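Trainee: Predicted structure and sequence below. I'll ask about it afterward.
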Amino acid sequence: MSEVGTSMPNVTVRGPEVPRNIQALDPVFDVSGLSVFYGDYEAVRGVNMIIGNREITAMIGPSGCGKSTVLRCFNRMNDLIPGARAAGKITYHGEDLYGDHVDPIEVRRRIGMVFQKPNPFPKSIYDNIAYGPRVNGTKKGMDGIVEEALTKAALWDEVKDKLKQNALSLSGGQQQRLCIARAIAVKPEVILMDEPCSALDPIATTKIEDLMQELSRDYTIVIVTHNMQQAARVSDRTAFFTAEVDDSGVRHGRLVEYDETSRIFTNPSDKRTEDYITGRFG
Ligand SMILES: Nc1ncnc2c1ncn2[C@@H]1O[C@H](COP(=O)(O)OP(=O)(O)OP(=O)(O)O)[C@@H](O)[C@H]1O
Ligand SMILES: [Mg+2]
């Protein structure tokens, strides 16, 4: 990856600067002036953010404000959407994530993703986990890799006697933990989660939240959630996004406020954040 990002054009619309206490973090991602377009539509404008190493960062805000769009920029998943384009700069460990010679496939290996709807492959539980390591050329020690990933994802005890069974036979909550295990099995550095618990019951949600806390010892996690309690419970930092209407009546997602989670939920500095977290909006 290159040191200096030249691949993304500069943008003029700037969002709020990153607060000093967050600037001091050990950054995994440093986002500055990020705007994301779908064709001519500027879905998100002028985002500045720093994602701290081995922290859990939550992104919250009303539907359509661009949370998933920003999340997908972190592992270049937006590259796969025809017409999608990012402007501004994102560095990953100080290197330009969108630099000319950066391989997006390698980026997605290092920065894994878990989606809202569990999406196991229609294969056995074992083969779901072994899939990524096999693609990466791992031949030996697969049993150990599978066990380790399933253990870390708090699923091993429930599936150890039925590893050959089709993964689609698992419950929704189990499937989501399987998907987390599948993401972990390729030893990523970062895990991005887009509303990973929205289809789960409170017990499965608690399991996933506990798992996130556990995983944050080794991994950097960025989570999008509509569940305010979840953001407050699990995350170290919270970014609140909303959609603003410009002079021409077009809506753009904006990062309103980004700070320590405790501050966002007890003493936010922007009225819009306060209205949202207290349920007066969205
Ligand atoms: N593939 C796409 N093509 C065109 N427009 C898109 C695409 N994906 C998202 N958008 C638009 O970008 C804006 C932000 O969408 P995004 O999905 O990022 O919002 P979100 O905050 O994740 O919403 P939700 O909470 O409902 O998941 C929306 O106006 C949406 O319609
Ligand atoms: Mg979304």
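Mentor: That came in fine, so what should we check first? Just so we're clear, the structure is a prediction, and the values are computed from it rather than from any experiment. Numbers count the residues shown, from 1 in each chain. Ligands and ions are numbered 1, 2, ... in the order given.

Trainee: Just list what the helix or strand encompassing Gly112 packs against, helices and strands only.
Mentor: Assigned by DSSP states H and E, Gly112 belongs to strand 111-114. Under the contact definition 3 or more Cβ pairs under 8 Å, 6 or more residues apart in numbering; DSSP states H and E, strand 111-114 sits against helix 172-185, strand 190-194. Heads up, the C-betas are built off the backbone N, CA and C, glycines and all.

Trainee: Just tell me which of these ends up closest to ligand 1.
Mentor: strand 190-194 (7.3 Å; Cβ to the nearest ligand atom).

Trainee: same question for the next helix or strand after that closest one, mean pLDDT?
Mentor: Where DSSP H and E defines the elements, the next helix or strand beyond strand 190-194 is helix 202-215. For helix 202-215, mean pLDDT rounds to 89.

Trainee: ditto for stretch 243-250
Mentor: Stretch 243-250 comes out at a mean pLDDT of 93.

Trainee: For beta bridges, what are the partners of the residue nearest to Ser235 when sequence neighbours are not counted?
Mentor: Spatial nearest neighbour of Ser235, excluding adjacent residues (Cβ to Cβ, 6 or more residues apart in numbering): Ala58 at 3.7 Å. Note on Ala58: beta-bridge partners by DSSP bridges are Ile223, Thr238.

Trainee: Dump the C-alpha coordinates for the strand holding Gly112 into CSV.
Mentor: Presented in CSV, the C-alpha positions along strand 111-114 are these (Å, rounded to 0.1, in the frame of the first residue of the first chain):
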residue,chain,number,x,y,z
ILE,A,111,-10.8,-6.7,7.2
GLY,A,112,-13.6,-9.2,7.5
MET,A,113,-17.3,-8.5,7.5
VAL,A,114,-20.4,-9.9,9.2
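
Trainee: Check which helices and strands the helix or strand following it sits against.
Mentor: As assigned by DSSP H and E, the chain's next helix or strand after strand 111-114 is helix 125-135. Packing partners of helix 125-135 (3+ Cβ pairs under 8 Å, 6+ apart): helix 142-152, helix 172-185.

Trainee: Which one of the ones you listed lies nearest to Ile203?
Mentor: For the helices and strands packed on helix 125-135, proximity to Ile203 was assessed by Cβ to Cβ; helix 172-185 is nearest, at 7.4 Å.

Trainee: Now do the closest one: which elements does it pack against?
Mentor: Using 3+ Cβ pairs under 8 Å, 6+ apart: helix 172-185 touches strand 111-114, helix 125-135, helix 142-152, helix 156-159, strand 190-194, helix 202-215.
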